[in-house]
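Colleague: What follows is a predicted protein model with its sequence.
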Amino acid sequence: MTKELEIVRPDDWHLHLRDGTILKSVLPYTSKIFGRSIIMPNLIPPITTVQDATMYKDRIIEALPNDHSFRPLMTLYLTETTDVMDLAEGFAKNLISAVKLYPAGATTNSSLGVNDFKRLYKIFEKMEEIGCILCVHGEIVDPDVDIFDREHVFIERVLDPIIRTFPNLKVVMEHITTEEAVNYIETSNENVAATITTHHLVINRNLMLAGGIKPHYYCLPVAKREKHRVALLNAAVSGNSSFFLGTDSAPHFDSQKESSCGCAGCFTAPNTLPILAQLFEQESLLKELEKFVSINGANFYNLPLNSEHIKLVKEEYPVEFPNKIFTSEGDITVFDPGFPLYWSVKS
Ligand code: NCD
Ligand code: ZN
């Protein structure tokens with residue numbers, strides 16, 4: 001039986017588009033369906049000034065297909081030497097929508113990130129005053145902390161002190177992966193929210209590691225135990241306004257992922273919404289999908305909802321998605337949820 005669901009056009013509150021050839025190849029998968037995305041600044045070199053962000057935005061707009069009305073929302077990559085006046089001016093002029101904090105060494109292209117979080121407190125003070133959102137990659141990188149504990153230790157040692165010191169600072173804890181993070185967000189004030197990725201709603205660490213290592217399931221923060229996946233899914237389908245979609249779609253060439261030192265990131269842009277529709281339907285909570293993908297994030301970012309709608313259609317037979325996309329510089333594998341997908345998007 002065909003089933004249909006019309007929702008406000010969704011947004012993606014955490015997206016990696018890269019640059020050059022990859023940008024041109026991956027952008028249409030997002031821009032066809034999503035109205036806006038928060039664009040991650042971890043290029044090489046990173047986007048650390050408003051001028052960098054504006055030039056990058058121009059390259060994204062130039063790469064857009066003519067009939068896509070997508071709006072990239074730019075971010076600055078925070079360093080211990082970020083120019084706070086540049087940040088404030090860029091925010092006032094709407095040239096940047098948020099600022100991204102990467103602990104140094106936590107993830108892909110984060111070596112220029114932050115070592116001493118206290119050195120950022122002057123910047124946080126200004127951001128709190130002007131209402132600029134702080135997006136946080138919430139993992140501690142101390143060698144004494146096990147990689148599976150990096151997120152919840154970060155909450156205790158870094159995030160909670162920041163939030164207590166700056167209670168009016170709007171903070172998004174990005175791509176949460178643990179029950180502890182869900183609980184923390186649920187009990188925080190309304191200035192603290194979290195994005196959840198598509199892949200963390202699907203995979204757990206067994207799927208990544210048991211029966212052979214699956215490099216295309218390796219992402220950061222790394223997938224955790226099944227109970228954490230279930231906690232994330234419950235948070236996503238709950239409709240709670242503090243949780244919204246940030247796909248963290250992070251394309252890498254297969255040669256870099258299928259390697260003796262494979263890099264982190266799952267490329268989910270082509271099939272994200274069909275996967276989400278299927279998961280929400282399985283939970284009998286399809287009615288909450290629109291909040292997760294189209295409403296909660298826009299409200300948190302103080303932006304109007306997209307005026308257009310899209311239609312999701314449940315087909316009788318599984319819908320085929322490409323398992324790879326091909327670029328002139330290499331192939332990029334599309335995230336495989338491991339189950340057939342019946343939903344397609346009519347944008
Ligand atoms: C992201 C990337 O490839 O840029 N990788 C990932 O595993 N998520 C960086 C990030 O968001 O951590
Ligand atoms: Zn990311």
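Modeller: Arrived safely. Ligands and ions are numbered 1, 2, ... in the order given.

Colleague: Buried by neighbour count: which residues of stretch 90-107 qualify?
Modeller: Across stretch 90-107, burial judged by 16 or more other Cβ atoms under 10 Å covers 90-91, 95-103, 106-107. Any C-beta I mention is one placed from the backbone N, CA and C, and that applies to glycine too.

Colleague: Ok, stretch 250-263 next?
Modeller: Ala250, Pro251, His252, Phe253, Lys257, Gly262, Cys263.

Colleague: Surely Gly330 touches Asp254?
Modeller: Yes. If you go by Cβ atoms under 8 Å, Gly330 and Asp254 touch, sitting 6.4 Å apart.

Colleague: rewinding a little: okay, among the buried residues of stretch 250-263, which ones form the most distant pair?
Modeller: Pro251 and Gly262 (13.9 Å; Cβ to Cβ).

Colleague: Would you agree Ile140 is in contact with Pro103?
Modeller: Yes. Using Cβ under 8 Å, Ile140 and Pro103 qualify as a contacting pair, with a distance of 6.8 Å.

Colleague: elements contacting the longest helix seen in the chain?
Modeller: If you go by DSSP state H, the chain has its longest helix at helix 50-63. In this structure, helix 50-63 makes packing contacts with helix 20-31, strand 36-39, strand 71-77, helix 84-92, judged by 3 or more Cβ pairs under 8 Å, 6 or more residues apart in numbering; DSSP states H and E.

Colleague: follow-up on the earlier one: closest one to Asn323 out of the buried residues of stretch 90-107, please.
Modeller: Taking Cβ to Cβ as the measure, Asn323 sits nearest to Thr107 out of the buried residues of stretch 90-107, at 24.8 Å.

Colleague: residues contacting the closest one?
Modeller: Thr107 is in contact with Asn42, His137, Glu139, Leu220, Ala264, counting by Cβ atoms under 8 Å, 6 or more residues apart in numbering.

Colleague: just Pro28 next, same as before
Modeller: Neighbouring residues of Pro28 by Cβ under 8 Å, 6+ apart: Leu64, Pro65, His68.

Colleague: Could you rerun that using 7 Å?
Modeller: By Cβ atoms under 7 Å, 6 or more residues apart in numbering, Pro28 lies in contact with Pro65, His68.

Colleague: so which of the buried residues of stretch 90-107 are also by ligand 1?
Modeller: Near ligand 1, judged by Cβ under 6 Å from any ligand atom, the entries from these are Thr107.

Colleague: Among the buried residues of stretch 90-107, which are located in helices?
Modeller: When DSSP H is applied, these are split such that Gly90, Phe91 fall in helices.

Colleague: Going by distance to ligand 1, which of the buried residues of stretch 90-107 wins?
Modeller: Proximity of the buried residues of stretch 90-107 to ligand 1 was ranked by Cβ to the nearest ligand atom; the top entry is Thr107 with 3.3 Å.

Colleague: Next, the contact list for Ala236, please.
Modeller: Residues in contact with Ala236 (Cβ under 7 Å, 6+ apart) are Ile196, Leu201, Phe243, Phe292.

Colleague: Could you list which of those belong to strands?
Modeller: Judged by DSSP state E, these include Ile196, Phe243 as members of strands.

Colleague: neighbour-wise, which of the contacts of Ala236 leads?
Modeller: If you count neighbours using other Cβ atoms under 10 Å, the busiest of the contacts of Ala236 is Ile196, which has 29 neighbours.

Colleague: My guess is that one contacts Thr178. True?
Modeller: No. Applying Cβ atoms under 7 Å as the test, Ile196 and Thr178 come out as separate, 11.2 Å apart.

Colleague: per-residue confidence at Met1?
Modeller: pLDDT recorded at Met1 is 56.

Colleague: Take stretch 214-225, keep the C-alpha atoms, and write them as PDB.
Modeller: Only the C-alpha atoms of stretch 214-225 are listed here, as PDB (Å, rounded to 0.1, in the frame of the first residue of the first chain):
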ATOM      1  CA  LYS A 214      33.600  -2.000   8.300                       C
ATOM      2  CA  PRO A 215      35.600   1.100   7.400                       C
ATOM      3  CA  HIS A 216      32.500   2.900   6.000                       C
ATOM      4  CA  TYR A 217      30.800   2.600   9.500                       C
ATOM      5  CA  TYR A 218      33.800   4.300  11.100                       C
ATOM      6  CA  CYS A 219      33.000   7.900  12.100                       C
ATOM      7  CA  LEU A 220      33.600  10.200  15.000                       C
ATOM      8  CA  PRO A 221      32.300  10.200  17.600                       C
ATOM      9  CA  VAL A 222      32.600   6.400  17.200                       C
ATOM     10  CA  ALA A 223      29.400   4.400  17.400                       C
ATOM     11  CA  LYS A 224      28.800   3.000  20.900                       C
ATOM     12  CA  ARG A 225      26.900   0.000  22.400                       C
END
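
Colleague: and it, which residues are buried?
Modeller: Judged by neighbour count using 16+ other Cβ under 10 Å, the buried positions of stretch 214-225 are Pro215, His216, Tyr217, Tyr218, Cys219, Leu220, Pro221, Val222, Ala223, Lys224.

Colleague: That one vs ligand 1: in contact?
Modeller: Yes. Using Cβ under 6 Å from any ligand atom, stretch 214-225 reaches ligand 1 at Cys219, Leu220.

Colleague: Pull the distance from that stretch to the chain's centre.
Modeller: 14 Å (Cα atoms, centre = their mean, to the nearest Å).

Colleague: All good on my end, thank you.
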